[in-house]
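Chemist: Requesting a structural model of the entry that follows:
(2 chains)
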Amino acid sequence: MSTIVIEGLCKIYGPIKALDGLDLHVEQGVVFGFLGPNGAGKTTTLRILAGLARPTTGQAWIEGLPVGPESHARRLVGYLPEEPSFYPWMRAREFLADLVGGLCGMSRREAMARADEMIVLVGLEKDADRRIGGFSRGMRQRLGLAQALMNRPPVLLLDEPVSGLDPVGRRNILNLIDELRGEATVFMSTHILSDVERICDAVGILNHGRLIALDKKENLLRRYAVPVVEVNFDAAPEMVAHWAESLRELPYVVNVQLDESAVRVTLDGSIQSSVDMQRLVLGADLLVLSYQHERPQLEDVFLQLVE
Amino acid sequence: MQTLLRKELREQWRTYRFLVVVAMLIVSGLIGPLSVKYLPLILAQMPGVPEGLMEVMPEPDVAMAVDEYVQNLSQLGVILAILIPMAAVVGEKTSGTAALILSKPVSRAVFLGAKLIAHGLIFFAGILLAGLGGYYYLGILFEWLTPVGFLALNGLLAIYLMMFLAITLFASTISRSQFAAAGISFGLLIFLSLLGAVPSLSPYLPTALMAWGRALVLRLDVEPAWGALGVTFAIIVSAFLGGLLVFRHQEI
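Modeler: Numbering: from 1, shown residues only, chains lettered A, B, ... in the order given. Model prediction:
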């Protein structure tokens, strides 16, 4: 069953088409990575799902409820904007327990307990009673995630959830999102492809407001990412160049890049091509320092699709 | 509503707006009777006062003191009612806090309503405390006035200021900056003043509430300004509903 359904979503800002007929279904309990270059329409989609913006045409549903500014779908959603803003005069614990808990309809006792739980979860124990005005960007981001999780929402909408975090904070938040798998449907936009590769089950790639790829991560890698062989020789660059040139004529070689005595060969993806390449390298009469058959990366898929 | 109202009131307190509004209204309420009573004495003590000025100055009385009280509170109150809430909505929209709040299951009517009620409460509190101080000084310096009449005057004053709060919140909802919001409110203030120059309209304008309140305090025989009261309430309700109508269609 699809938790998030988007049908024919268009959003026009003056002359700019931020979304151009977006259709998307996100299954329950998955961590969905929403990728796209700057201005692709990721934040607009998230804002529409969070009920902060209206589509020009089209509609979206969360667990069957239509989204919108006064929609009940907001009860099911935890939203983290790209740069969450808070009241600087408030304290973190107060913000979570009194404000967010109250807005989510939690009892005072429940909100206090949940706020304490969230503070520990995002690692803000020492700063829970400090004014938010003095928080760093990373601390705000963690508090933002805590407020999104306060009411145990079945759907989490996260706009660049790890931007502004240090490596430790990033790892912690990604682990946290990873642990939500199965419990909540996580819809996250990000620019950091390695993060998507690490935690996302399914990936959607958006470009110019249109969805250009949507599949499980493994399927995307299988379909779009091409294997690359990188060989380092201990030989004169001219000899290496001569050998590399001979590869260009082979039907299964897509691209050859030369850097001094290192050659990077992009293959067509067939298993036979990888086997043949291995044989060709060994038969080159050149001393091989290293041979690496690179695993296809999501970044390759992304670049191939958006460029 | 309770959660957002509590947040708004707490914000007024923590950002010292509550103290500023209440303190300024209290001072303004006290200065009226004091200045009327002691200005002639101060002038008499000052060197270089033109000869004969003291003779032409009217003898201070309770009516003059009440006039001064109303004038001070209404003028300063209007300025505060424009400056204090001018960023209430537009500030939250531009900073991004409105997005965080409105992504929660809360209606936009509650978001705006909490702001209007919270601002109204601090102005009511300010007028109440200013009224208590003003009443005491009017009593000891001039004569003890009828408490019901004085209460009615302050109630009308509070409703008058509430109208400017509602207008400024409306302006803050439709504007892109807090200064534009203040500009719209000041513009409406000037427009209402200009309308007051039309004799057939003036009994129905909010400023007529001040004359009515004055008459109630001084037990003067004046027609009640029910029309002006109705118009003032209509402006408050229209400003709120108009703001809500716009806000509901805005993207945050």
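
Chemist: My guess is A:Pro69 contacts B:Arg248. True?
Modeler: Yes - contact status for A:Pro69 versus B:Arg248: in contact at 6.6 Å, counting by CB atoms under 8 Å. (Glycine included, C-beta is placed from N, CA and C.)

Chemist: burial count for residue 180?
Modeler: All of this refers to chain A. 15 (other CB atoms under 10 Å in any protein chain shown).

Chemist: nope, chain B please
Modeler: Applying other CB under 10 Å, I find that B:Ala180 has 15 neighbouring residues.

Chemist: what's the helix or strand for it?
Modeler: helix B:178-195 (DSSP states H and E).

Chemist: just B:Tyr160 next, same as before
Modeler: helix B:147-174.

Chemist: Output the contacting helices and strands for that helix.
Modeler: For helix B:147-174, the elements it packs on are helix B:62-83, helix B:90-95, helix B:108-141, helix B:178-195, helix B:208-218, helix B:226-249, judged by 3 or more CB pairs under 8 Å, 6 or more residues apart in numbering or on different chains; DSSP states H and E.

Chemist: roughly how far out does the second one sit from the chain middle?
Modeler: In this case it means helix B:90-95. 24 Å (CA atoms, centre = their mean, to the nearest Å).

Chemist: Look at A:Pro69 and B:Arg248 and report which has more neighbours.
Modeler: Taking neighbours as other CB under 10 Å, A:Pro69 and B:Arg248 compare with A:Pro69 leading, 20 against 13.

Chemist: Under a three-state scheme, what state does that one occupy?
Modeler: coil (DSSP: H, G, I helix; E, B strand; the rest coil).

Chemist: Name all residues that make contact with it.
Modeler: A:Gly51, A:Leu52, A:Arg54, B:Leu102, B:Arg108, B:Arg248 (CB atoms under 8 Å, 6 or more residues apart in numbering or on different chains).

Chemist: Just give me the neighbour total for B:Ile236.
Modeler: 21.

Chemist: meant to ask about A:Gly144
Modeler: The burial count for A:Gly144: 25, using other CB under 10 Å.

Chemist: Equivalent analysis for A:Leu176, please.
Modeler: A:Leu176: 17 neighbours (other CB under 10 Å).

Chemist: Same check on B:Ala208?
Modeler: For B:Ala208, using other CB under 10 Å, the count is 25.

Chemist: Identify the residues contacting the closest residue to chain B within the stretch 201-307 of chain A.
Modeler: Going by CB to the nearest CB, chain B is nearest to A:Gly209 of the stretch 201-307 of chain A, at 16.4 Å. By CB under 8 Å, 6+ apart, A:Gly209 lies in contact with A:Cys10, A:Lys11, A:Lys17, A:Ala18, A:Leu19, A:Asp20, A:Gly21, A:Leu22, A:Ala40, A:Gly41, A:Thr44.

Chemist: hmm, which of those are the buried ones?
Modeler: A:Cys10, A:Lys11, A:Lys17, A:Ala18, A:Leu19, A:Asp20, A:Leu22, A:Ala40, A:Gly41, A:Thr44 (16 or more other CB atoms under 10 Å in any protein chain shown).

Chemist: May I see the buried residues of the helix holding B:Tyr160?
Modeler: So for helix B:147-174, counting by 16+ other CB under 10 Å, buried means B:149-174.

Chemist: if we can go back for a sec, the helix holding B:Ala180 relative to helix B:226-249, how many degrees between them?
Modeler: Calculated by axes from the mean of the first three to the mean of the last three CA atoms, to 10 degrees, helix B:178-195 forms an angle of 150 degrees with helix B:226-249.

Chemist: would A:Leu289 count as being in a strand?
Modeler: Yes - with three-state DSSP as the criterion, A:Leu289 is located in a strand.

Chemist: Any idea how many residues pack against it?
Modeler: 12.

Chemist: Name all residues that make contact with it.
Modeler: Per CB under 8 Å, 6+ apart, neighbours of A:Leu289: A:Asn232, A:Phe233, A:Asp234.

Chemist: Make sure A:Ala73 is actually in contact with A:Gln59.
Modeler: No - contact criterion CB under 8 Å: A:Ala73 and A:Gln59 do not qualify, at 11.3 Å.

Chemist: Tell me which of these two has more neighbours.
Modeler: Between A:Ala73 and A:Gln59, A:Ala73 has the larger neighbour count (other CB under 10 Å), namely 22 against 14.

Chemist: so how far is B:Glu51 from that one?
Modeler: From A:Ala73 across to B:Glu51, the span is 80 Å (CB to CB, to the nearest Å).

Chemist: I am finished for the moment; much appreciated.
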